[in-house]
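Enquirer: Everything below, folded, please.
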Amino acid sequence: MIISIIGSILFSIVLVLYILMALRLPYGEYAMGGKYKVLPKKERIISLLSVIIQTFAILILLQCGGLISFGVSDKIANVFCYFFAVYLSLNILMNLLSKSKKEFFYMTPLSFVIAICYWLTALNVEF
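Expert: Presented below is the predicted three-dimensional model:
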């Protein structure tokens with residue numbers, strides 16, 4: 001349960017970052033390869049779509065952690081929890097390959113901890 005709370009809080013930080021980027025604030029160096037300081041229109045739309053997916057991912061983590069239930073069966077939620085664990089694990093690799101120092105140094109460890117939270121929650125590991 002505590003792991004899913006930690007993961008949700010940390011993923012919420014990423015979600016807020018993506019909202020700020022979609023609002024044209026200069027945080028683009030922290031995501032999407034760090035190519036733009038302020039995201040162009042196409043990337044802002046992608047950022048907003050990411051916010052929807054991230055919100056869903058947070059809800060999945062909270063349900064798998066036994067904190068909420070939002071209409072998805074526990075079995076399906078667990079499948080999604082594994083999916084997001086794999087996705088975030090791949091995201092770590094992408095962050096490691098980023099040309100942006102900010103994405104590399106800040107987002108890589110953040111993605112790592114969030115991915116661990118998803119793996120532990122999906123595997124039902126309690127602390």
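Enquirer: Please name the nearest non-neighbouring residue to Phe70.
Expert: Leu59 (5.3 Å; CB to CB, 6 or more residues apart in numbering). C-beta coordinates here come from the backbone N, C-alpha and C atoms, glycine included.
Enquirer: To what extent is that neighbour buried, counted in neighbours?
Expert: Burial of Leu59, expressed as a neighbour count using other CB atoms under 10 Å, amounts to 19.
Enquirer: I'd like to know how far it sits from Ile2.
Expert: Distance check for Leu59 against Ile2: by CB to CB, to the nearest Å, it reads 18 Å.
Enquirer: Ok, Ile114 next?
Expert: Ile114 sits 14 Å away from Ile2, going by CB to CB.
Enquirer: same deal with Ser47?
Expert: 30 Å.
Enquirer: try Val125
Expert: Using CB to CB, which is the criterion applied here, Val125 is 11 Å from Ile2.
Enquirer: Spatially, which residue comes closest to Leu62, not counting chain neighbours?
Expert: Using CB to CB, 6+ apart, the closest residue to Leu62 is Ile68 (4.7 Å).
Enquirer: Would you mind listing the residues in contact with the nearest residue in space to Ser100 that is not next to it in sequence?
Expert: Closest residue to Ser100 in three dimensions, ignoring its sequence neighbours and counting by CB to CB, 6+ apart: Gly34, at 2.1 Å. The contact partners of Gly34, taken as CB atoms under 8 Å, 6 or more residues apart in numbering, are Gly28, Ser98, Lys99, Ser100, Lys101, Lys102, Glu103.
Enquirer: From these, list just the buried residues.
Expert: Gly28, Ser98, Ser100, Glu103 (16 or more other CB atoms under 10 Å).
Enquirer: For the residues you listed, work out which two are farthest apart.
Expert: Gly28 and Ser98 (11.9 Å; CB to CB).
Enquirer: what does stretch 118-127 contact?
Expert: Outside of stretch 118-127, the residues that reach it under the criterion CB under 8 Å, 6+ apart are 1-4, 7, 61, 64-65, 78, 81-82, 84-85, 88-89.
Enquirer: in it, what counts as buried?
Expert: Tyr118, Trp119, Leu120, Thr121, Ala122.
Enquirer: and if you look at stretch 8-19?
Expert: Buried residues in stretch 8-19, counted by 16+ other CB under 10 Å: Ser8, Leu10, Phe11, Val14, Leu15, Leu17, Tyr18, Ile19.
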